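Student: Predicted model and sequence follow; I will ask about them next.
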Amino acid sequence: MYSSAAGVAYIFNLIVGTGALALPNAIGHAGWLISIILLFVLGTLSYITTTFVIESLSIANACYRRDKKDDNNLVVGRVVNNLDDDHYRSASPVTRRDGKSSDKSPLLSPSSSHDNGYYNNSKMRGRGRNYQSASHVGVSINGAVEEDFEISKNIEMGEMAMLFFNKAGRVCFYICIIVYLYGDLAIYAAAVPKSLRDIACSSISCNGTSSSGSNEGICWSNGFTRMDVYRILLGVFTVTMAPFAYFNVQKTKYLQYFTTVLRWIAFIMMIVLAILLISKNKRNGKSITPPIANVSGIPNLFGVSVYSFMCQHSIPSLVTPIKNKNNLTRLLFYDYALIFLFYALIGMTAVFAFGPDELQDIYTLNFQDSCEATDVVFLRYFLGLFPVFTISTNFPIITVTLSNNLKALFSSCSPSSPLLSRILFPTLAVVPPIAAAFVTNDITSLVGYTGSYAGAGVQYVIPALLVLMARRHGSEIYGETAIRQNVHKSPFFRKWWIYLMLIWTVVCLSFVTVNHVLVRH
């Protein structure tokens, strides 16, 4: 358990990650004014869907508690039956002593009772109407029901999908999550060797000549191109990181603290150095005027921005341990407002310091390659290696997560041998993103496509449908009044917010797809 302030910090650190390094390039090519407007809109929509996830989590907790209560009532009922007289034992189990039908009869056989039944559809889905009749009789909305909706159990998104979605919905959920994680791993697999390649091929000292340039530029004197060196380093990265996918790797608390400190130091450094460069350019009479708006850059900005505000899939594990959850939506609002200001600051300082044509797809490379930004060798090495440290620690963890999701999706046709299953699914998780990184190291495109399609599904569609089905399921159990008075309900409770989110997603994806097709042809 931790305080509300710690929870805000954890969520901030979760959101501000790799996507922030790709934002300056996307902002530079889309225009700074339209970028700020779109960042604000997308940040607001991400906040709305985050409140949807929290409301769904509270309803899932309520379903779990009611499930546990009924299991306890079932056990008590069996004990009472064993102690009763022969006449009562011969009566129907759904008939009370007075002959009236009982609405407290067991809904399940004893063999189906277990602790994790809250996400087992065969157990929960059939109970709705029986609960509804009970919920209107003798259950206080401000009493027991309000306690039921408290968030005390960590129920992950996949478990909520198992509880609230039908079979087709669960398959779509897993496909969306898996495609997003594949894109995430491809971005990580490309970013680390690309950063290492630029250090290996460039002169960190400002006294030498830089070898930076296109992928076809010569890196070393023996004729290796920059792309050759990138692929060699990608092979080293694969050999080093891929074996961890076959073990149950988890991010330790101390490793999280370490990467958090590194992230803050690096981002503050980049903002300060960019501001100093703007001041230096002004003194030297060098004027950089980035475009205000460029429609052709909007689709990529959309994908990068969605990716940069992504947190919905991890919200349950971050929100549940917070001690005081009375003002969760307000704390999240402050978090998102702070993140928007942070993104706007890093984006604006970047485009006015370097200009859109000079911004690289990983922002740290601008400081590594530019002696104008800083001539301090330590800072150039530190910022150049920053993505290597932070991303390398995340790659094995996300690989294990993807492997588990693949196993859940293909559970019906997975190998019967545990050893074969332990080899097959991690291999399926590792090979495709590594192969994609071998083909291209264009981080901006990888982030843009991942965020535009799978990212939009995870951030907009899944939370909207999840809260819609959660409310419907919760209403069958507790009644609509209890759902409306849920202390953790979203401030955007009206159903048209859900439909607006779905329509927005369809319109944006259509615009992005049409733009990609037109640009290609």
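Tutor: Looks like it came in fine.
Student: Tell me, how many residues neighbour Q368?
Tutor: 25 (other CB atoms under 10 Å). For the C-beta atoms, the positions are set from N, CA and C on the backbone; glycine is no exception.
Student: Kindly apply the preceding question to V431 instead.
Tutor: 12.
Student: swap in the one 4 residues further on?
Tutor: Residues contacting A435 under the criterion other CB under 10 Å number 11.
Student: Got the confidence number for it?
Tutor: The model reports A435 with a pLDDT of 93.
Student: Then K286?
Tutor: 84.
Student: again, but for K280
Tutor: So K280 comes in at 90 (pLDDT).
Student: Let me know the helix or strand that it is in.
Tutor: Here K280 sits within helix 253-283, counting by DSSP states H and E.
Student: who does that helix touch, helix- and strand-wise?
Tutor: Applying 3 or more CB pairs under 8 Å, 6 or more residues apart in numbering; DSSP states H and E, one finds that helix 253-283 makes contact with helix 4-15, helix 328-354, helix 364-369, helix 377-409.
Student: next SSE after it?
Tutor: Next in sequence after helix 253-283, counting helices and strands by DSSP H and E, comes helix 298-308.
Student: Could you point out the helix or strand that follows that next one?
Tutor: Using DSSP H and E, the next helix or strand after helix 298-308 towards the C-terminus is helix 315-319.
Student: quick one: that following helix to chain centroid distance?
Tutor: 11 Å (CA atoms, centre = their mean, to the nearest Å).
Student: buried ones in it?
Tutor: By neighbour count on 16 or more other CB atoms under 10 Å, the buried set for helix 315-319 is 315-316, 318-319.
Student: Where does the prediction get shaky in this protein?
Tutor: Within the chain, the segments meeting pLDDT under 70 span 69-146, 203-216, 220-222, 248-253, 412, 414, 519-521.
Student: quick one: the longest helix belonging to it to helix 4-15, angle?
Tutor: The helix spanning the most residues in the chain, taking DSSP state H as the definition, is helix 32-83. Interaxial angle, helix 32-83 versus helix 4-15 (axes from the mean of the first three to the mean of the last three CA atoms, to 10 degrees): 120 degrees.
Student: what inclination does helix 32-83 have with respect to helix 298-308?
Tutor: 40 degrees.
Student: For the buried residues of helix 315-319, work out which two are farthest apart.
Tutor: The largest separation in these, counting by CB to CB, is between P316 and L318 at 7.4 Å.
Student: returning to what we had before: centre of the chain versus the longest helix of the chain, how much separation?
Tutor: 17 Å.
Student: Please apply the same query to stretch 458-468.
Tutor: Counting by CA atoms, centre = their mean, stretch 458-468 comes out at 13 Å from the chain centroid.
Student: what's the helix or strand for the closest residue to K280 other than its chain neighbours?
Tutor: What sits nearest to K280 in space, not counting adjacent residues and going by CB to CB, 6 or more residues apart in numbering, is E372, at 7.2 Å. Taking DSSP H and E as the definition, one finds E372 inside no helix or strand.
Student: E372 touches L277, doesn't it?
Tutor: Yes - here E372 lies in contact with L277, judged by CB atoms under 8 Å, at a distance of 6.3 Å.
Student: Same drill for those two, tell me which one is more crowded.
Tutor: A side-by-side neighbour count of E372 and L277, using other CB under 10 Å, places L277 first with 23 against 18.
Student: Touching, that one and F367? I think so.
Tutor: No - judged on CB under 8 Å, L277 makes no contact with F367 at a distance of 9.3 Å.
Student: Now do the shared contacts for these two.
Tutor: A373 (CB atoms under 8 Å, 6 or more residues apart in numbering).
Student: State the helix or strand in which L196 lies.
Tutor: Per DSSP H and E: helix 167-201 holds L196.
Student: which helices and strands does that helix pack with?
Tutor: By 3+ CB pairs under 8 Å, 6+ apart, helix 167-201 packs against helix 18-30, helix 157-164, helix 226-241, helix 364-369, helix 377-409, helix 418-439, helix 443-450, helix 462-478.
Student: Let me have these in a markdown table, extended by distance to L341.
Tutor: Listed next are the helices and strands packed on helix 167-201 as a markdown table, based on distance: least, CB to CB, whole Å:
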| stretch | distance to L341 |
| --- | --- |
| helix 18-30 | 13 |
| helix 157-164 | 28 |
| helix 226-241 | 34 |
| helix 364-369 | 21 |
| helix 377-409 | 22 |
| helix 418-439 | 32 |
| helix 443-450 | 21 |
| helix 462-478 | 24 |
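Student: Tell me which of those sits most buried.
Tutor: helix 18-30 (a mean of 26; mean count of other CB atoms under 10 Å).
Student: Centre of the chain to that helix, how far?
Tutor: Distance, centroid of helix 18-30 to centroid of chain: 18 Å (CA atoms, centre = their mean).
Student: repeat for stretch 433-444
Tutor: Worked out by CA atoms, centre = their mean, stretch 433-444 lies 21 Å from the chain centre.
Student: Need the contact partners of it.
Tutor: Outside stretch 433-444, the residues that touch it by CB under 8 Å, 6+ apart are 21-22, 25-26, 182-183, 185-191, 193-194, 215, 227, 230-231, 234, 238, 242, 300, 304, 361-362, 446.
Student: what about that stretch, how long is it end to end?
Tutor: Stretch 433-444 has an end-to-end distance of 15 Å (CA to CA, to the nearest Å).
Student: Equivalent analysis for stretch 451-461, please.
Tutor: End-to-end distance (CA to CA), stretch 451-461: 13 Å.
Student: quick one: that stretch to chain centroid distance?
Tutor: 10 Å.
Student: what's the residue nearest to K280 sitting at in phi/psi?
Tutor: phi -70, psi -40 (degrees, to the nearest 10).
Student: now G285
Tutor: According to degrees, to the nearest 10, G285 has phi 80, psi 20.
Student: And for S370?
Tutor: Dihedral angles (degrees, to the nearest 10) for S370: phi -110, psi 120.
Student: same question, F309
Tutor: phi -100, psi 10.
Student: Check whether it really touches I339, as I assumed.
Tutor: Yes - with contact defined as CB under 8 Å, F309 reaches I339; the gap is 7.4 Å.
Student: who has more neighbours, the two?
Tutor: Between F309 and I339, counting by other CB under 10 Å, F309 is the more crowded of the two (27 against 22).
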